[in-house]
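Novice: With the sequence up front, the predicted model follows.
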Amino acid sequence: MVGVQQAVAQTTDWQVSGALGVASEGVSKDVGETSDRGQFKGSIEAVHGPVFISASLRNLHEAGGIDGQQEYVLGLKGRAQGFDLAFGGGYKIKTNAPSGFDAHFVEWQADVSRTFASGTTVRVTDVYASDAPGATQGDNWIEAGLSQVINAHWSVSGAVGTRRLTPKNDYSAVNLGATYALLPRTKIDLRYYDTDRHDAGDAFKSRLVLQLMQNF
């Protein structure tokens, strides 16, 4: 009977976690989103079996006075044949957007990853929006990443990605970095970002970003 009660408790409880971060600059899909300014962000996630819900907030500095973004996500997580799988839909809002700007949008994200005994993780992510913010319609970001745990404190990682936009403003990008665990839940990350579209503006230039992350 005790075993049954424990099993019921495990299936009815939500597991809640969160994170706070501060970065020297905000980056999304490997391009800048804070105009060379710092970024603060926070998130909270609740998991119940395969279901997860999350909410997050971060500051931005974009054209028209846009100064932040809220995100609310509902999705599923699981594991099959040694692969970690996740799929979710997120309702996202650009805050303080100018009148007439399409600031509300939905993004769908799918992640597939596998971690090997050597500490190597391979990952593929696809993020798609049929109606993205502003004048952008179709937006599809596909990224493939590789990370390697070096020891209890150090890990290195990198990724290559490509983004297809309508109207056409496509680009490809890369990021490379190292992460150091200061404490079990506190990490610092130094990462280099670059794209093949420096001609598209400052957001697409190469940049080096330092970030401090605290999980709880």
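Specialist: Yep, that arrived.

Novice: ok, and the closest non-adjacent residue to Arg164?
Specialist: Of all residues not flanking Arg164 in the chain, Asn140 sits nearest, at 4.8 Å (C-beta to C-beta, 6 or more residues apart in numbering). Just so you know, the C-beta spots here come from the backbone N, C-alpha and C atoms, and that holds for glycine as well.

Novice: what does Val160 give?
Specialist: Excluding the flanking residues, the one nearest Val160 by C-beta to C-beta, 6+ apart is Val174, at 5.1 Å.

Novice: Could you do Lys94 as well?
Specialist: Spatial nearest neighbour of Lys94, chain neighbours left out: Ala103 (4.1 Å); criterion: C-beta to C-beta, 6+ apart.

Novice: residue contacts, Lys136?
Specialist: Check again: residue 136 is Thr, not Lys. Taking C-beta atoms under 8 Å, 6 or more residues apart in numbering as the criterion, Thr136 is in contact with Leu165, Thr166, Pro167, Asn169.

Novice: what about it, helix or strand, and which?
Specialist: Per DSSP states H and E, Thr136 falls between elements, in no helix or strand.

Novice: gap between it and Ile53?
Specialist: Distance, Thr136 to Ile53, using C-beta to C-beta, to the nearest Å: 26 Å.

Novice: Flag the shaky bits of the protein, pLDDT-wise.
Specialist: Scanning the chain for pLDDT under 70 picks out the ranges 1-12.

Novice: quick one: the strands in it?
Specialist: Remark: strands assigned in the chain by DSSP state E are 15-23, 27-28, 31-32, 39-48, 51-59, 68-80, 83-95, 104-115, 120-129, 139-149, 154-165, 171-183, 186-195, 207-215.

Novice: For the ones you listed, could you give me JSON lines that also reports distance to Gly201 and mean neighbour count?
Specialist: Formatted as JSON lines, the strands of the chain follow (distance: least, C-beta to C-beta, whole Å; neighbours: other C-beta atoms under 10 Å):
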{"stretch": "strand 15-23", "distance to Gly201": "20", "mean neighbour count": "15"}
{"stretch": "strand 27-28", "distance to Gly201": "14", "mean neighbour count": "18"}
{"stretch": "strand 31-32", "distance to Gly201": "9", "mean neighbour count": "22"}
{"stretch": "strand 39-48", "distance to Gly201": "18", "mean neighbour count": "16"}
{"stretch": "strand 51-59", "distance to Gly201": "20", "mean neighbour count": "17"}
{"stretch": "strand 68-80", "distance to Gly201": "19", "mean neighbour count": "14"}
{"stretch": "strand 83-95", "distance to Gly201": "18", "mean neighbour count": "16"}
{"stretch": "strand 104-115", "distance to Gly201": "21", "mean neighbour count": "16"}
{"stretch": "strand 120-129", "distance to Gly201": "20", "mean neighbour count": "16"}
{"stretch": "strand 139-149", "distance to Gly201": "17", "mean neighbour count": "17"}
{"stretch": "strand 154-165", "distance to Gly201": "14", "mean neighbour count": "16"}
{"stretch": "strand 171-183", "distance to Gly201": "11", "mean neighbour count": "16"}
{"stretch": "strand 186-195", "distance to Gly201": "10", "mean neighbour count": "17"}
{"stretch": "strand 207-215", "distance to Gly201": "13", "mean neighbour count": "16"}
